[in-house]
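Asks: okay, predicted coordinates and the sequence, questions at the end:
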Amino acid sequence: MVAVVQWLLANWWVLILLVLLAAAVLGLWLHRQAEQVRWERVRTQGLRYAMSQLDGLHHRQFEHAIRDLMRRDGCGDAVQVGGANDNGADVKATDPWGRRWVIQCKHRRNGDRGSAVGTPDLHVLNGTARQLHGADVVVLVTNGRFSSKCPPLARSQRVHLVDRKVLGEWAGGQRPLWELLQQLPPPRGQSALS
């Protein structure tokens, strides 16, 4: 150990070289991380889906697509949480105004020709979104259609329904979901996560 220290003292330039090498490796790693973040931002800003693409997804991929659309629109913390024991939430996000969104996704393999999303799904979402997930905005989204009993119930419970038509406009366009929905709660304030 003493011999190594003495050698390093005699050859101090080796220490400087090692420090410079470590700094270069760290700089390269930081640069790559920044590039990755920049390209992800570019990708999400240009994200568009055609309804045929959304129809062809597996239900879990559909949840990821909804998460990605929320990220595209400025919800930096959007996360897919659906699965067993999800308590009615498939996607959670905070919009740029601090509102907490809880979204339940109902994918239909046959699109609007498949079975309609009914009130039982709406009841589950309404029973958990605000109480368990702290939602300000509660959304039930489908690539299909809703039964005739869903819209009046959703209005009475302040749940937003995103059917195939609204989803197509949101996924294929440049407008965020909050510009397509009516009667949203007031902003909480600027979100640090968005």
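Replies: Received it, and whenever you're ready, just let me know what you need. Numbering: from 1, shown residues only.

Asks: going forward, measure contacts and count neighbours with C-alpha atoms only.
Replies: Will do.

Asks: any weak-confidence spans in the chain?
Replies: 38-45, 189-194 (pLDDT under 70).

Asks: domain parsing of it, as residue ranges.
Replies: Here the domain parsing of the chain from automatic domain parsing is 2-45, 51-180.

Asks: got those as JSON lines, with distance to residue 188 and mean neighbour count columns?
Replies: JSON lines is the format used below for the domains of the chain (distance: least, Cα to Cα, whole Å; neighbours: other Cα atoms under 10 Å):
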{"stretch": "domain 2-45", "distance to residue 188": "24", "mean neighbour count": "12"}
{"stretch": "domain 51-180", "distance to residue 188": "5", "mean neighbour count": "19"}
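
Asks: now those in a markdown table, with distance to residue 186?
Replies: As requested, those are exported to a markdown table (distance: least, Cα to Cα, whole Å):
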| stretch | distance to residue 186 |
| --- | --- |
| domain 2-45 | 25 |
| domain 51-180 | 8 |
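
Asks: same for the longest helix anywhere in the chain, what does it pack against?
Replies: If you go by DSSP state H, the chain has its longest helix at helix 12-45. Packing contacts for helix 12-45, counted by 3 or more Cα pairs under 8 Å, 6 or more residues apart in numbering; DSSP states H and E, involve helix 59-72.

Asks: which residues touch the helix it packs on?
Replies: Here helix 59-72 makes contact (Cα atoms under 8 Å, 6 or more residues apart in numbering) with 41, 44-47, 54, 77-80, 82, 90-93, 105-108, 171, 176-177.

Asks: kindly report the same for stretch 135-142.
Replies: Residues contacting stretch 135-142 (Cα under 8 Å, 6+ apart): 99-108, 117, 122, 125-126, 129-130, 158-164, 167, 184-185.

Asks: what's the answer for stretch 167-176, then?
Replies: Stretch 167-176 is contacted by residues 48-51, 69-70, 73, 141-143, 177, 180 when judged by Cα under 8 Å, 6+ apart.

Asks: one more: stretch 24-40?
Replies: Under the contact criterion Cα under 8 Å, 6+ apart, stretch 24-40 has no outside partners.

Asks: could you export it as CSV, CA atoms only?
Replies: Provided in CSV are the C-alpha atoms of stretch 24-40 (Å, rounded to 0.1, in the frame of the first residue of the first chain):
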residue,chain,number,x,y,z
ALA,A,24,-15.1,12.2,-19.7
VAL,A,25,-17.0,9.0,-19.1
LEU,A,26,-19.5,10.8,-16.8
GLY,A,27,-19.9,13.6,-19.3
LEU,A,28,-20.6,11.1,-22.1
TRP,A,29,-23.2,9.3,-19.9
LEU,A,30,-24.9,12.6,-19.0
HIS,A,31,-25.0,13.6,-22.7
ARG,A,32,-26.6,10.3,-23.7
GLN,A,33,-29.2,10.6,-20.9
ALA,A,34,-30.0,14.1,-22.1
GLU,A,35,-30.3,12.9,-25.7
GLN,A,36,-32.6,10.1,-24.6
VAL,A,37,-34.9,12.5,-22.8
ARG,A,38,-34.9,14.9,-25.8
TRP,A,39,-35.8,12.2,-28.3
GLU,A,40,-38.5,10.9,-26.0
